[in-house]
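**Q** here you go, sequence then predicted model.
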Amino acid sequence: MTINILYFASLRERIGRGSDTLELPKSLKINQVWLQATGQESFPDDVLIALNQEYTDANAIVNDGDEVAFFPPVTGG
Amino acid sequence: MMGTPRKIGIFESIFDPWKLQQEYQLSSMQGKTDYGATASFIGTMRDFNEGDDVTSMTLEHYPKMTEKQLNEIIDVAANKWSLLNILVIHRVGKILPAEPIVLVAVWSSHRVDAFEACRFIMEDLKHKAPFWKQESLKDGSYRWVEENTAGY
């Protein structure tokens, strides 16, 4: 299965890229997706997560074709 | 309510919030006479933050999620208050001091609904809509705004 990962703002700069495509043998929790994509050890407390453009948490399951986004606290307005 | 009329706009260049609000009222509420209250908020770029001079800012967003989130925020407001129409406009890209960043306008029959829903939409936008500000400072450096302050 294939999933798309997006990074925004300061997190995008820290990771050094705006997106990743991950090929996975099975569905994974978001914190495992984070680990595979970034190689970083644990999921940072200050990072927000959206699954298919809806807020979720690091325990949500990612399935084939999903879009996962990681980003810092939002600062619009 | 899900079906409450609304318009959401994301602008990549400067917009005139007063003109947009007037045009929207004329086009979307033509012939209507049930709105007794209109509340609007305009957020403008100021030239200082955290004690430093800010010369410009660049706003990034997550296009697919932005409109979805704003629609959900409006749905929540329209369930809490009695609203007739809502307009939300937000700027992205490079912004200079005194340029508008955001417009939230709410039409209702009564002022309490208009005032409170306008405030609620603005505060929720600040904490949920996926926009990020990067500030350019006078000395040529830049920094990301880390977090919006609590509004209530």
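**A** All right, it came through fine. Numbering: from 1, shown residues only, chains lettered A, B, ... in the order given.
**Q** select the longest helix from chain A.
**A** Scanning chain A for the longest helix, with DSSP state H as the assignment, gives helix A:30-38.
**Q** near chain B at all, that one?
**A** No. Using CB under 8 Å from any CB of the partner chain as the criterion, no contacts between helix A:30-38 and chain B are found, and the smallest distance is 15.5 Å. For the C-beta atoms, the positions are set from N, CA and C on the backbone; glycine is no exception.
**Q** buried ones in that helix, by neighbour count?
**A** When burial is assessed from 16 or more other CB atoms under 10 Å in any protein chain shown, helix A:30-38 yields the following buried residues: A:Ile30, A:Val33, A:Trp34, A:Ala37, A:Thr38.
**Q** got those as CSV, with pLDDT columns?
**A** Compiled in CSV, the buried residues of helix A:30-38 are given as follows (pLDDT from 0 to 100):
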residue, pLDDT
A:Ile30, 96
A:Val33, 96
A:Trp34, 96
A:Ala37, 95
A:Thr38, 95
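**Q** which pair in those spans the largest distance?
**A** Taking CB to CB as the measure, the buried residues of helix A:30-38 reach their widest spread between A:Ile30 and A:Thr38, a distance of 11.9 Å.
**Q** and stretch B:122-134, end to end?
**A** With CA to CA, to the nearest Å applied, stretch B:122-134 spans 20 Å between its terminal residues.
**Q** skip the chain neighbours and tell me the closest residue to the closest residue to chain A within chain B.
**A** Distances from chain B to chain A, computed as CB to the nearest CB, single out B:Phe131 as the nearest residue at 2.6 Å. Distances taken as CB to CB, 6 or more residues apart in numbering or on different chains place A:Gly76 nearest to B:Phe131, at 2.6 Å, with adjacent residues excluded.
**Q** doesn't that neighbour belong to a helix?
**A** No. Note on A:Gly76: no helix contains this position according to DSSP: H, G, I helix; E, B strand; the rest coil, which reports coil.
**Q** residues touching it, list them.
**A** With contacts defined as CB atoms under 8 Å, 6 or more residues apart in numbering or on different chains, A:Gly76 is in contact with B:59, B:61, B:90, B:101-102, B:125-126, B:129-133, B:148.
**Q** please convert those to JSON lines, extending it with secondary structure, pLDDT and neighbour count.
**A** What follows is the contacts of A:Gly76, written out as JSON lines (DSSP: H, G, I helix; E, B strand; the rest coil; pLDDT from 0 to 100; neighbours: other CB atoms under 10 Å in any protein chain shown):
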{"residue": "B:Leu59", "secondary structure": "strand", "pLDDT": "98", "neighbour count": "24"}
{"residue": "B:His61", "secondary structure": "strand", "pLDDT": "98", "neighbour count": "22"}
{"residue": "B:His90", "secondary structure": "strand", "pLDDT": "98", "neighbour count": "25"}
{"residue": "B:Ile101", "secondary structure": "strand", "pLDDT": "98", "neighbour count": "23"}
{"residue": "B:Val102", "secondary structure": "strand", "pLDDT": "98", "neighbour count": "21"}
{"residue": "B:Leu125", "secondary structure": "helix", "pLDDT": "98", "neighbour count": "25"}
{"residue": "B:Lys126", "secondary structure": "helix", "pLDDT": "98", "neighbour count": "19"}
{"residue": "B:Ala129", "secondary structure": "coil", "pLDDT": "98", "neighbour count": "26"}
{"residue": "B:Pro130", "secondary structure": "coil", "pLDDT": "98", "neighbour count": "25"}
{"residue": "B:Phe131", "secondary structure": "strand", "pLDDT": "98", "neighbour count": "27"}
{"residue": "B:Trp132", "secondary structure": "strand", "pLDDT": "98", "neighbour count": "24"}
{"residue": "B:Lys133", "secondary structure": "strand", "pLDDT": "98", "neighbour count": "23"}
{"residue": "B:Asn148", "secondary structure": "coil", "pLDDT": "95", "neighbour count": "17"}
